[in-house]
Structure formats: C-alpha cells, structure tokens
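In: Build me a structure from this.
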Amino acid sequence: MISTAKYWVVIVLFLALGFGYSIYNQPLTNNDHTFHSQIVDLNDGYGYQIMKGEKIVILQKFIPGFPGKQKFVTKKEALKTAGLVISKLEDGKSPVLLPSDLAELNISTAVSH
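Out: Residues are numbered from 1 along each chain as shown. Below is the predicted model of the structure:
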C-alpha cells in the first residue's frame, strides 16, 4: 500500500511540474504589448497612428522630421514611416525621425496642389 501511495505521489508531482513548466514557458501572445500602425485618411493626404493594443500612442497627421505641416502623399509612404517608428520603439529608441530618416525611406515632401 505504501509503495502504491509513493507511486501516485511521484506521478502527481511529475505531472504538476510538467504542467507548471509548460505554463511558464508559453510565449506571450497578448497583443496589448505589441505596436502596430493604422493609416489615417486626412482627405488631402495621409497620416498614421501607432497603437499599443487598442491605445493610440502616437497620432501623426503630418510628415515628422520635416518643417511645415505637410501630409503624406500616399498611404504607402505613411505606412513605411510608421514601420520605421515602430522599429525604433521596439528597439527601445526614441521614435523621433530626422530628415535623413525620411530621405532613406524616399518620402516625398512635395506639396500636392
């Protein structure tokens, strides 16, 4: 009887440890901790917003790092810029963009009439 009880204690302990280990090592799939972007249609151009979960972290209505209040000419340009900002945020860097960052992305700063 005692050996059977020891057997069951060992089995239960082994299963509990295995279950605990599997829960501990699960990857985080909570989207509240990841950044993503959405393009904002501003009628005469585009902007973007950077979100963490459902919370807006950055709302960018104008081309950042460029003087004046010019909007992105295309959705693609706004998306590329938002992608760079997200990359910086994920690397723990400042999301501030410089004119050189925009030049590398080939962002058009021409005012459309």
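
In: Measure how buried the closest residue to Ser108 other than its chain neighbours is and give me the count.
Out: Leaving aside its chain neighbours, Ser108 sits nearest to Val73 (4.9 Å; criterion: C-beta to C-beta, 6 or more residues apart in numbering). In short, each C-beta sits where N, CA and C put it, glycine included. Neighbour count of Val73, defined by other C-beta atoms under 10 Å: 18.

In: Likewise for Glu77?
Out: For Glu77, the neighbour count with other C-beta under 10 Å is 22.

In: pLDDT score for it?
Out: Note on Glu77: pLDDT of 95.

In: what's the spacing between it and Leu97?
Out: Remark: distance between Glu77 and Leu97 (C-beta to C-beta, to the nearest Å) = 12 Å.

In: what secondary structure does Tyr48 sit in?
Out: strand (DSSP: H, G, I helix; E, B strand; the rest coil).

In: show me where the protein has helices.
Out: 2-24, 75-90, 99-104 (DSSP state H).

In: Which of these comes out lowest on mean pLDDT?
Out: With a mean of 61, helix 2-24 has the lowest mean pLDDT of these.

In: Stretch 88-108: which residues count as buried?
Out: Neighbour-count burial for stretch 88-108, counted by 16 or more other C-beta atoms under 10 Å, picks out 88-89, 95, 97, 101-102, 107.

In: Which of these sits closest to Leu42?
Out: Ile107 (15.7 Å; C-beta to C-beta).

In: ok, now which ones touch that closest one?
Out: 63, 72, 77, 80-81 (C-beta atoms under 8 Å, 6 or more residues apart in numbering).
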